[in-house]
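>>> Sequence plus the predicted model coming up.
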Amino acid sequence: MTMQRDVHDELRARLHEAAEAHEPNRERILARIERGMAGQERTDHRATRPPLWGWARIVGATAAVAGMLAAGGYAVASAVKDDTRQQQTVAVSPTPVESPDATSRPPVSPKATPSSGGGAQDPVEPSGPPSSPEKSTPSAPATVELLPATDDDDDGPLWSDGSVDPHSNDFWAQSNVTVKAKQEVTALTVQLRIAQTGGVSSTGAWRSLPEDDFTLTVTEQDDFLVYTWVLKEGRTLAAGEWVFAGQYDHDRGGRDAKDDSYVIAGVSDGEDRSLGGGFAAQDDGDDS
């Protein structure tokens, strides 16, 4: 198949060259016409030929030349046409790419779930600063040591308080631990314990202090969801008031926080400090 195509290509190339090189010899044709006309005027024996025969020869010669030119032109045109036809290509449109699924949607925030009354409830935000939820440190152990429980919320220069955030709803809640220090704190561990009352699972955490100053660990121990913040070695906290918050989902309905608790261990004024407390049970009749 390739050899035949090469032969055809070579033939077309030669026909192109022959057509471009061919130039009709106009002077030769005119000379032949003049000789034919001059022959009619001779008085010798050839003058006896009928004039019609001389003109027939002239017309025949002219027609033969015209026929050769027409045949050559047709051959060149056919070769060019075949070459053009073989060089034509067909454009094919690319395969269409499917568009992304129009039904895909980002996940719905747990804070935008409907209330127990069946109507839609507007999303709520925690009362703390709008910082992104903290993530537990990858190197943190699977379990953490639980600090000894205590009901003393005041120890020298440190004071604490535990409360359920008012923006909590029937599906989601946030528990806040507030720490106040009258003097510099050189070591601090805050542990928040949320009792497993059904469907309790962490959705995030934050603190009002720099994130890089603390490591966070979130574990489940002894039917409690435990958040533990530890001040990194070499870091200190100036006197002030800070908030540590844990966020979590729970089963539908008003959740009772009476079994939740927090414990704080720190060093201030050169002495070890320990304090903690619980959370007041939520008022089921509170519509706020």
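Okay, I see it. In this text the structure is predicted, and so the values were computed from the model without any measurement.

>>> how does the protein divide into domains?
The record's domain parsing of the chain by automatic domain parsing lists 2-87, 130-278.

>>> Quick check: which of those is buried the most?
Each of the domains of the chain was given a mean neighbour count from mean count of other CB atoms under 10 Å, and the largest, a mean of 17, is that of domain 130-278. Any C-beta I mention is one placed from the backbone N, CA and C, and that applies to glycine too.

>>> tell me the SS of Asp151?
Using DSSP: H, G, I helix; E, B strand; the rest coil, the structure places Asp151 in coil.

>>> hmm, back to that, could you dump the domains of the chain to CSV with mean pLDDT?
Compiled in CSV, those are given as follows (pLDDT from 0 to 100):
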stretch, mean pLDDT
domain 2-87, 62
domain 130-278, 90
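
>>> Could you look up the SS state of Ser202?
Relying on three-state DSSP, one would call Ser202 strand.

>>> pretty sure it contacts Val218?
Yes: between Ser202 and Val218 there is a contact under CB atoms under 8 Å: 5.1 Å.

>>> Need the overlap of contacts for those two.
When contacts are counted by CB atoms under 8 Å, 6 or more residues apart in numbering, Ser202 and Val218 are jointly contacted by Leu225, Tyr227, Gly246.

>>> In a strand, Ala31, correct?
No: according to three-state DSSP, Ala31 belongs to no strand; its state is helix.

>>> What separation is there between Ala13 and Asp6?
With the distance defined as CB to CB, to the nearest Å, Ala13 ends up 11 Å from Asp6.

>>> How about Gly246?
With CB to CB as the criterion, Gly246 and Asp6 are 83 Å apart.

>>> repeat for Phe214
Plainly put, Phe214 is 81 Å away from Asp6 if you go by CB to CB.

>>> likewise Arg255?
Note on Arg255: its distance to Asp6, by CB to CB, is 88 Å.

>>> now do Val226
When Val226 is compared with Asp6 (using CB to CB), they lie 84 Å apart.

>>> Does Leu275 touch Asp151 like I think?
No: here Leu275 does not reach Asp151: they are 9.1 Å apart, not a contact under CB under 8 Å.

>>> Return every residue with contacts to both of the two.
What both Leu275 and Asp151 touch, as defined by CB under 8 Å, 6+ apart, is an empty set.

>>> And the strands in the stretch 101-250 of the chain, which stretches?
Listed from the start of the chain, the stretch 101-250 of the chain has strands (DSSP state E, counting those that start in this stretch) covering 154-155, 158-164, 172-181, 185-195, 201-207, 214-221, 224-231, 240-249.

>>> want to try CSV for the ones you listed, with distance to Glu20 as columns?
Shown next, in CSV, are the strands of the stretch 101-250 of the chain (distance: least, CB to CB, whole Å):
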stretch, distance to Glu20
strand 154-155, 109
strand 158-164, 98
strand 172-181, 88
strand 185-195, 95
strand 201-207, 84
strand 214-221, 87
strand 224-231, 92
strand 240-249, 87
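
>>> Out of those strands, which is closest to Glu27?
Closest to Glu27 of the strands of the stretch 101-250 of the chain is strand 201-207 (CB to CB; 103.2 Å).

>>> Okay, angle between the closest one and strand 214-221 too, please.
Inter-element angle recorded for strand 201-207 and strand 214-221: 160 degrees (by axes from the mean of the first three to the mean of the last three CA atoms, to 10 degrees).
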